[in-house]
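*Asks:* give me a model of this one.
(chains A and B)
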Amino acid sequence: MNIFPDIRGPIAAATNDLVDFLVVDYGDAFEAFSNVLLQALLFIERGLRALPPWAMILIIAAVALAASRKPLMAVGAAAGLWFIGALGMWDQAMQTLAIILVSVCFCILVGLPLGVLAASSRMFRRGLIPVLDLMQTIPSFVYLIPAAMLFGLGKVPAILATVIYALPPLIRLTDLGIREVDGEVVEASRAFGATRAQILTGVQIPLSLPTIMQGINQTTMLALSMVVIASMIGARGVGETVLLGLQRNDSGTGLVGGITIVILAVVIDRITQAYGRRLQRHRSAEA
Amino acid sequence: MPLIELDHVVTIFGNDPEGALARVRAGADKKALLAETNHVLGLDDITLSIEAGEIFVVMGLSGSGKSTLVRHINRLIDSTAGAVRIDGTDIMALSKKELIALRRRRIAMVFQRFGLLPHRRVLENAAYGLEIRGLPRAEREARAQEWLERVGLKGYEDRYPGELSGGMQQRVGLARALAADTDIILMDEAFSALDPLIRSELQDELVALQRATGKTIVFITHDLDEALRLADRIAILKDGRLVQVGTPTDILLSPADPYVEAFVRDVNRARALTVDSLMQPPALRLSEESIGEALAAMRRTKSDVAYVVDDGRFAGVVTKEGLERAAVTQGTGEAVAAVAEAHPAVTADTAIESAIPTLLESPHPLPVVTEDGELAGIVRPESVSEVLVSERTQADLVETATAGQEVGRRADIDSAA
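*Replies:* Numbers count the residues shown, from 1 in each chain, chains lettered A, B, ... in the order given. Model prediction:
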């Protein structure tokens, strides 16, 4: 006896119909959106690749120093980048860095407002949390297929896939950070006649910035972990090298790509964390 | 017209405050409402008025609704029923914009845990109220600077709140409220988180600042000593209900019910009460009489001592024996003021505690004078003990005394056996 009604057929068929419908009827809209994202990415990528490596190394070292106020951190970051160059991965690393930058900016643009909304409305948060869970658990290949159909192969679907996977922690931590702001400080702000916007920009966001920064750090790390998958739909960069090693059964090439990703991850992680720690200084009452 | 008025304010917390209101109207108290409907009765039909320029203290234990009450004045909490009026305008009817204007212009607030912005320097914190109002940086910081200096924080402008002690942080909170340039300041347990020494220091400064600025202060506390020290008037709250409103002396000398009585029992009355609560009219007061007339008056009233007033001011005392001697040496026609002996006196607003040494050394009942030196009355040493000991304590004393005698008697019997 069969206790299972057949819902597989209808679900799959409906999804395919929906994607077809979107491609046919809204293809132009998707393309326009895709173009904006692509232009931003190309702009950043061209800039990063046009810079001579020594200048880039200096800039990263300066950023590391500014974020951490520790000279050793700057030296470490510079050494890491130099090592990437020595591995012959400089160009790929810059392409990857461009994708990461665009993805993370996109995440902040979307994630910060959603996090603020979630913190201010319990109903909204209740609806949002399952969606975030879904975004983090559903295998990325599932949405790569329709993304590739809607946006074509290449960089844009790669960025979108990265955003879907990397966005949730930023929203969650923004929401948490704002809800954890000392209620009495918010109340004081209200008592002195602050508007909602003044409370948000003058109290809630500045005071939750260390937590939001943690979210940005997490999002960046998750974005980096997506580079290999992203390269499967045509994104260039370090992921491509790893993929190449995989396809050619060339462990050496794979390892070179892997090391590059790890170095990039460590450098970005240390810089954002050091900045987050410095933000923390005066923000908790006990500090 | 009073500055701030609460008119039959009822506030209920829960999912359906309107629905629960009917039960409160029918007489349900806090406990009953919680048990029956799971709603918390915050304020139960509060009606009171606060005059401009007074320090009005709201006192009660935790959960009595005092913090809830003060938050109605700037509408951080909305009431379920009733009206809250400032200058006669019902603020429950204000639009969002008007409410924000009210908070910016009329009402500042000081918080128990200070409520300072930890990521901003002391100066920026003190200027916060003005910043919200949109004053340019230079102007708001100049004003904030002025107030920081007045509360004793000169030199700390560039520190962060986290680097200051609790007392200093609360001074920043106070400067922020004063700099906001409002005529009303709400203070919610403002000194409760501070050490006793710092606390009494700030209490004195607050009173001095209030006298200097004439601002209306609504002060919340659970500490009766603090209430008595600061208040022009005190309101006592219990379970969201108003139990008594009155001057500190009213509260101490005629507590409205056993709850207030229990509250005031442990108070150091000698410190809280002033001499005028002990004052009696002088038995005999002399001014322009001659020595002969004075002697006659003293014999008539059977008094041994009289208080002499010269040109409206207290001039000293004369005793019967002294006058009799003067009548012999200087004649009875001399004015009595010429022979009055100097005598210590206290002013009416002296705390009893500080008057006691003078009172004990004084050979005669102690004269009390006004600030202008007029004779207001006298204090007899025996009246001190009557006021200092509350009625309940007196009853206790009698009981213990009888019990003691009982024990003593039994001991006698035992030893006889």
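
*Asks:* residue contacts, residue 172?
*Replies:* As the question left the chain open, I've gone with chain A. A:G115, A:L132, A:G215 (CB atoms under 8 Å, 6 or more residues apart in numbering or on different chains). Bear in mind the C-beta positions are built from the backbone N, C-alpha and C, glycine included.

*Asks:* chain B is the one I meant
*Replies:* B:F114, B:L116, B:V122, B:N125, B:A126, B:L148, B:V151, B:L153, B:P161, B:L164.

*Asks:* which strand or helix spans it?
*Replies:* For B:V172, the host element (DSSP states H and E) is helix B:166-179.

*Asks:* ranges for the helices of the stretch 51-200 of chain B?
*Replies:* Secondary structure of the stretch 51-200 of chain B (DSSP state H, counting those that start in this stretch): helices located at B:66-73, B:96-105, B:122-126, B:128-132, B:137-150, B:166-179, B:196-213.

*Asks:* now mean pLDDT too, for the ones you listed, in CSV please.
*Replies:* Output for these, formatted as CSV (pLDDT from 0 to 100):
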stretch, mean pLDDT
helix B:66-73, 93
helix B:96-105, 94
helix B:122-126, 95
helix B:128-132, 94
helix B:137-150, 94
helix B:166-179, 93
helix B:196-213, 91
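
*Asks:* among those helices, which is nearest B:S254?
*Replies:* Of all the helices of the stretch 51-200 of chain B, helix B:66-73 sits nearest to B:S254, with 21.7 Å by CB to CB.

*Asks:* so what secondary structure elements neighbour that closest one?
*Replies:* Secondary-structure packing of helix B:66-73 (3 or more CB pairs under 8 Å, 6 or more residues apart in numbering or on different chains; DSSP states H and E): strand B:4-13, strand B:40-50, strand B:55-59, strand B:81-86, strand B:184-188, strand B:216-221.

*Asks:* look up how far B:V9 lies from the residue lying closest to A:T195 once chain neighbours are set aside.
*Replies:* Sequence neighbours aside, B:I100 is the residue nearest to A:T195 in space, at 6.3 Å (criterion: CB to CB, 6 or more residues apart in numbering or on different chains). B:I100 sits 22 Å away from B:V9, taking CB to CB, to the nearest Å as the criterion.

*Asks:* what do you get for B:R199?
*Replies:* Taking CB to CB as the measure, B:R199 falls 30 Å from B:V9.

*Asks:* cool, and B:M298?
*Replies:* Taking CB to CB, one finds B:M298 at 59 Å from B:V9.

*Asks:* out of the two, which sits in the more crowded spot?
*Replies:* B:V9 (25 against 22; other CB atoms under 10 Å in any protein chain shown).

*Asks:* where in the chain is the helix or strand with the lowest mean pLDDT?
*Replies:* In the absence of a named chain, chain A is used. helix A:140-151 (a mean of 82; mean pLDDT, DSSP states H and E).

*Asks:* oops, I was thinking of chain B
*Replies:* Counting by mean pLDDT, DSSP H and E, the weakest-scoring helix or strand in chain B turns out to be helix B:391-416, with a mean of 55.

*Asks:* enumerate the residues of the stretch 101-250 of chain B near chain A.
*Replies:* B:101-105, B:107-109, B:111-119, B:128-129, B:132-133, B:160-162, B:176, B:180, B:186 (CB under 8 Å from any CB of the partner chain).

*Asks:* picking that back up, closest one of the contacts of A:R172 to chain B?
*Replies:* A:G215 (18.1 Å; CB to the nearest CB).

*Asks:* so the closest one is in which element?
*Replies:* Following DSSP H and E, one finds A:G215 within helix A:205-225.

*Asks:* report the distance from that helix to the chain centre.
*Replies:* Once both centres are worked out by CA atoms, centre = their mean, to the nearest Å, helix A:205-225 turns out to sit 9 Å from its chain's centre.

*Asks:* is that helix in proximity to chain B?
*Replies:* Yes - counting by CB under 8 Å from any CB, chain B has neighbours in helix A:205-225: A:P206, A:L207.

*Asks:* next SSE after that helix?
*Replies:* helix A:227-232.

*Asks:* so which residues on the stretch 51-200 of chain A come close to chain B?
*Replies:* By CB under 8 Å from any CB, the part of the stretch 51-200 of chain A that sits against chain B consists of A:182, A:184-185, A:187-195, A:198.

*Asks:* which phi and psi does B:I236 have?
*Replies:* phi -110, psi 130 (degrees, to the nearest 10).

*Asks:* that one contacts B:L252, doesn't it?
*Replies:* No - in this structure B:I236 lies outside contact range of B:L252 using CB atoms under 8 Å: 11.7 Å.

*Asks:* the two: which has the busier surroundings?
*Replies:* The residue with more neighbours, out of B:I236 and B:L252, is B:I236; 27 against 22, by other CB under 10 Å.

*Asks:* CSV for the contacts of A:R172, including pLDDT, neighbour count and distance to B:P248?
*Replies:* Putting those into CSV (pLDDT from 0 to 100; neighbours: other CB atoms under 10 Å in any protein chain shown; distance: CB to CB, whole Å) gives the following:
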residue, pLDDT, neighbour count, distance to B:P248
A:G115, 95, 28, 51
A:L132, 93, 18, 58
A:G215, 94, 27, 54
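
*Asks:* what's B:D250 in contact with, if anything?
*Replies:* Counted by CB under 8 Å, 6+ apart, B:D250 has contacts B:Q244.

*Asks:* could you do the one 10 residues further on as well?
*Replies:* When the contact criterion is CB under 8 Å, 6+ apart, the partners of B:V260 are B:I236, B:V243, B:Q244, B:I251.

*Asks:* for chain A, state which of the residues you listed is nearest.
*Replies:* When the contacts of B:V260 are compared against chain A (criterion: CB to the nearest CB), the nearest one is B:I236, at 24.5 Å.

*Asks:* write out the residues of the stretch 251-400 of chain B neighbouring chain A.
*Replies:* Counting by CB under 8 Å from any CB, the stretch 251-400 of chain B comes close to chain A at no residue.

*Asks:* in the stretch 251-400 of chain B, which spans are strands?
*Replies:* B:285-286, B:305-310, B:313-319, B:346-347, B:366-369, B:375-379 (DSSP state E, counting those that start in this stretch).

*Asks:* how about the longest one: buried residues?
*Replies:* Using 16 or more other CB atoms under 10 Å in any protein chain shown as the burial criterion, the residues of strand B:313-319 that qualify are B:F314, B:A315, B:G316, B:V317, B:V318, B:T319.
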